[in-house]
Every structure is written in structure tokens, then in C-alpha cells.
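No sequence on hand, only this structure:
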């Protein structure tokens, strides 16, 4: 509606490329990715504001999708703009129009070759499980409530089998695309703090639902429903039905996305 | 409606007295104190559930009121019950019916003489100021956004004048009651953390709006609008109009209420 259409194309040299770091509470959103205009999405909100600012249709490219209800402490995106505003002015403009559960926390001009998804080298996700009888009223939107007693040592042994380069097809919800399902997990830390069990995952990439299915599988090890060694068998069979349950999106936070220094 | 009326009075020896510790996010509530039935209050919610549990009208006595929008990490109340349920069973019952922004985190049988308000010896309040240009999407409900540059040292000097036993009538919103307005403030800590300035107050009691007016006054010292020494003059004059502004309730949290060990 407000795309005045000055006809600037992405190849236009007057466009500058900006890297954005974005925080959001995902509770109210259908996830990162723009859908039709009636759905609330993070990408949709950002594109709407940048398009209004530039008076043309602007696309925002994210490092990856986050699902409905998933939060971000450091989602990264890039956007090509023709504005003469300074980085700080752009940030103020965007934050002024964003709803209070989304914030752009940094904006930096980068090389025109920078692509937030294709250049991402590592991602870190945090899954928070509220593991107590009593709810935490202040963090209730950021945790999955799971009060059953959990064996931390067993979950840590199981996590050891997930680390490394594997075909994670059993740990993802199938999509139509026939892309590689091999990923490298560098680190899984499982800690207990303030009535929560926190699962921190670091790896070179995460398939659709992967962090949540890994967490669901580890929780089943934690309750004794399965053994740590089962992870090996799940990899061998490569079938989704052998892995654990998909835990809810509300417990998941995309902590950060890393890129090679240039 | 559901008060069947078994006619138990508070003097009845079959009643046991319980101390409750309660957490709540105050955002959705008109404060602690029960008002008419159309208003959402914390006390009202608790009394409704206990009354249903006991099939009679049950009153819950709080250590003090918290205003609309104010949160609690450790509000204390007491309630007299005739149930045969164990402490754990009572807690589970109540938490099951409470909305997700209120939780009873402990319940202990205490002497019949225990009164949560009259026996309270010390209270601790925390006021959180978001002191950064960019909002914090995850803590936005618990902070007052105030991005102006603040002089911490000046605010700490001013806080020094607030400590001790004083007549705090200038730091409270007048009510009709003619009770004493003398209170003792033992400690004020002002810290900077994660883009926030946090004001921690400890004292033997807090008048209506006192923590919020002290914070508003300290913020005016922080911006240079007034000098630390002004506090002395405010005490001398004893007039509300000389103290600083009342800051919003959303930044305030009742951290804990202390009692003498028995």
C-alpha cells in the first residue's frame, strides 16, 4: 500500500547492506518468517517498517526461521537500504515503530556480499525447562514446564552422543526439500539453575525442529524412559519416530548467530 | 456464592494459621488489596480459592498492600484454615486454581498469633529502571524505561540522606489516616547492571507510594535536576510537593518481608 515504487533493484549500487541484530519475545508471533499479511511475524513487522521508511518494498533476510512462540536474544538479519540516515537514526526509526516485544539492538553497515543466512557459521540455542512443582510467574513465557524428576548425568551422557557431525534426519520434522540433513553440533551444556534445567546447544546449523526434538529426546533419557546409548541407535535408523517428542516452542531462544570476522 | 457457611469463626480452635509466601506479576492486577468483585486483585484471587476450598468465607491477610502493576517475589500473607490437607496439598490445590501470573511458593503452619502485617519487621523493595536507548523485550514488564543519563555517585550520596529514621511524610501520598509517618530505612543500594539501574531499599516499613517517590527523587538527583543535599531540606519541610515524582508501579517489586525468628 505504501510501496511508492521508486523501482530500485537489489543490484543498485546506491543500496547499502546492513546487518541487524534483533531480540524478540516470540509469544505473540507465528514465528520469524513472513506469511500472508494477516499473520503476525517478526520478518513481516520489520519489512513493513523498512518499506514504509524507504517508500518501496524492502525485504529483510534472516539467518534462519524461528518457529511460532520461539524467542530470540540475538537473531541476525540483513537488509539493503538506500536511506541517507545514519545507523543510529535507522535504529531509532525502526525501534520507534516496532511493537514492544521486538527490538533491533544493533545495526551495522556491512559488505554487499554479507548474507545473514548463507554466511552464518555457528548458532547457539537455549532451551529452558522449568523443572519444579511451582511455576515461575516471571519467566513463565520463556520456559517449558516439566516437573518430573530428571537425571542430569544420564542426560549429559546422552548429549555426548549428539555432539559431532551426524546425519540428524531423525531429529527433524520432515519437509519437502531434499537438502542435506548433516549438521555439526559442537557443544551441549546441561545446567541446573533457579529451578530450571537449561540446555545450551551450539552447532553449525540446526534443522527444522532439531533443537526441540533433541531436547525432547534428552528429557526422555532424563526421566529414565530411554537410555543414553539409544541416541546411537536413533542415528543408525535415521527415522523421526525413534527420536523423542517435540517440546513446545515457548522454551526455546535463539541466543546468537556467529559469522567469520572479515 | 460458594460460601456454604459452616459458621466457623476466627476464634475457633479447629482453625490453623498458615504463613504464605506469594509471587506475582502485577501487570494485570489492580494491586494486592481486594476491592469490589469486578476488580482483579491478588488478595481477591486468593480469598476466592481458599473460600471455595473451605466452603466458607476465608480472609487472607497480607503483610501490606502493593499498588496496581507492582510485582512481588516474596509477598507474605497469613490465612486461617480448618482443612485437614497437608501443607503440600493446600499449596497444590491453590496453585492449581491460581492464574499463571500468581503462585504460592511456600505454605507453613505457624502460631495462631502470627500476623503477616503486624509482625513484619523488615521489608525489601527493588525498583528497576531501564536506563538505555533500546528496550529490553524480555524484562519490559518489570522496568520503568528512563533513558536519560544518570549520575550514580550523586544518587548514592542522596540515598545516604534517606537512610536512618525519619519522618517520611514528604515521601508519601497522603491518605486520610493520621498514623505515624516515621520509618527507618536501613539500606539503599544503587547498582548498574545489564542496562538497568536498580534501587534496592530495605527498611522497617514503607508508607503509601514511598519507594516510588524516593526513586523519583533519586532520579531527579541523577539527572542533575536537584542536588543530593536537597533531601535534607525535603525532610525539614515535610511537604509532598518538595519531593520528586511518583515513578510508575511496573518498575517496583516487593522482594521479601522479614519476621523475627520464633
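Everything's here; your move. Bear in mind that the values here come from a model prediction, so they are computed numbers and not experimental data.

Report pLDDT for residue A:14.
The per-residue pLDDT reported for residue A:14 equals 85.

Tell me the residues of chain A that contact chain B?
When proximity is defined as CB under 8 Å from any CB of the partner chain, chain A approaches chain B at A:23-25, A:71, A:73, A:91-92, A:95, A:100-105, A:133-138, A:140, A:142. C-betas here are computed from N, CA, C, even on glycine.

out of the residues you listed, which are buried?
Among those, those classed as buried by neighbour count (16 or more other CB atoms under 10 Å in any protein chain shown) are A:23-25, A:71, A:73, A:91, A:95, A:101-105, A:134-138, A:140, A:142.

So which of the residues you listed sit within helices?
Among these, the members falling in helices (DSSP state H) are A:91, A:95.

Show me the buried ones among the residues of chain A next to chain B that map onto strands.
A:23-24, A:71, A:73, A:102-105 (DSSP state E).

Need the max-distance pair from these.
Between any two of these, the greatest separation by CB to CB is 15.2 Å, found for A:71 and A:104.

Look up how far chain B lies from residue A:188.
To chain B, residue A:188 is 23 Å away according to CB to the nearest CB, to the nearest Å.

Kindly report the same for residue A:209.
Using CB to the nearest CB, we find residue A:209 at a distance of 23 Å from chain B.

Neighbours of the residue nearest to that residue when sequence neighbours are not counted, how many?
In space, not counting the residues next to it along the chain, residue A:209 is nearest to residue A:173; the distance is 4.3 Å by CB to CB, 6 or more residues apart in numbering or on different chains. Counted with other CB atoms under 10 Å in any protein chain shown, residues neighbouring residue A:173 total 13.

Tell me which helix or strand residue A:173 sits in.
Following DSSP states H and E, one finds residue A:173 outside all helices and strands.

Wait, it touches residue A:245, no?
No - look at residue A:173 against residue A:245 with CB atoms under 8 Å: they stay out of range, at 11.6 Å.

and for those two, which residues touch both?
Overlap of the contact sets of residue A:173 and residue A:245 (by CB atoms under 8 Å, 6 or more residues apart in numbering or on different chains) consists of residue A:213.

For the stretch 151-262 of chain A, which segments count as strands?
A:164-167, A:182-193, A:196-203, A:252-259 (DSSP state E, counting those that start in this stretch).

circling back: quickly note the distance from the residue nearest to residue A:209 to chain B.
Using CB to the nearest CB, residue A:173 is found at 27 Å from chain B.

Equivalent analysis for residue A:150, please.
Using CB to the nearest CB, residue A:150 is found at 20 Å from chain B.

same question, residue A:224
Distance, residue A:224 to chain B, by CB to the nearest CB: 24 Å.

what residues are up against that residue?
A:151, A:154.

Residue ranges in the stretch 1-150 of chain A under the pLDDT threshold?
Applying pLDDT under 70 to the stretch 1-150 of chain A flags residues A:1-13.

If you check the stretch 151-262 of chain A against chain B, which residue is the closest one?
When scored by CB to the nearest CB, the stretch 151-262 of chain A has residue A:253 as its residue closest to chain B, at 9.0 Å.

Is that residue bridged to anything, and to what?
Partner residues in beta bridges with residue A:253, using DSSP bridges, are residue A:71, residue A:126.

That one: what's it in contact with?
Residue A:253 sits next to A:70-73, A:125-128, A:142 when contact means CB under 8 Å, 6+ apart.

Tell me the one of those residues nearest residue A:219?
The closest of these, once distances to residue A:219 are taken by CB to CB, is residue A:127, at 9.5 Å.

which ones are touching the closest one?
If you count contacts by CB under 8 Å, 6+ apart, residue A:127 has them with A:144, A:198-199, A:201, A:211-212, A:215, A:247, A:251-253.

In JSON lines: these, plus distance to residue A:66.
Formatted as JSON lines, the contacts of residue A:127 follow (distance: CB to CB, whole Å):
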{"residue": "A:144", "distance to residue A:66": "15"}
{"residue": "A:198", "distance to residue A:66": "18"}
{"residue": "A:199", "distance to residue A:66": "16"}
{"residue": "A:201", "distance to residue A:66": "14"}
{"residue": "A:211", "distance to residue A:66": "10"}
{"residue": "A:212", "distance to residue A:66": "11"}
{"residue": "A:215", "distance to residue A:66": "15"}
{"residue": "A:247", "distance to residue A:66": "15"}
{"residue": "A:251", "distance to residue A:66": "13"}
{"residue": "A:252", "distance to residue A:66": "8"}
{"residue": "A:253", "distance to residue A:66": "9"}
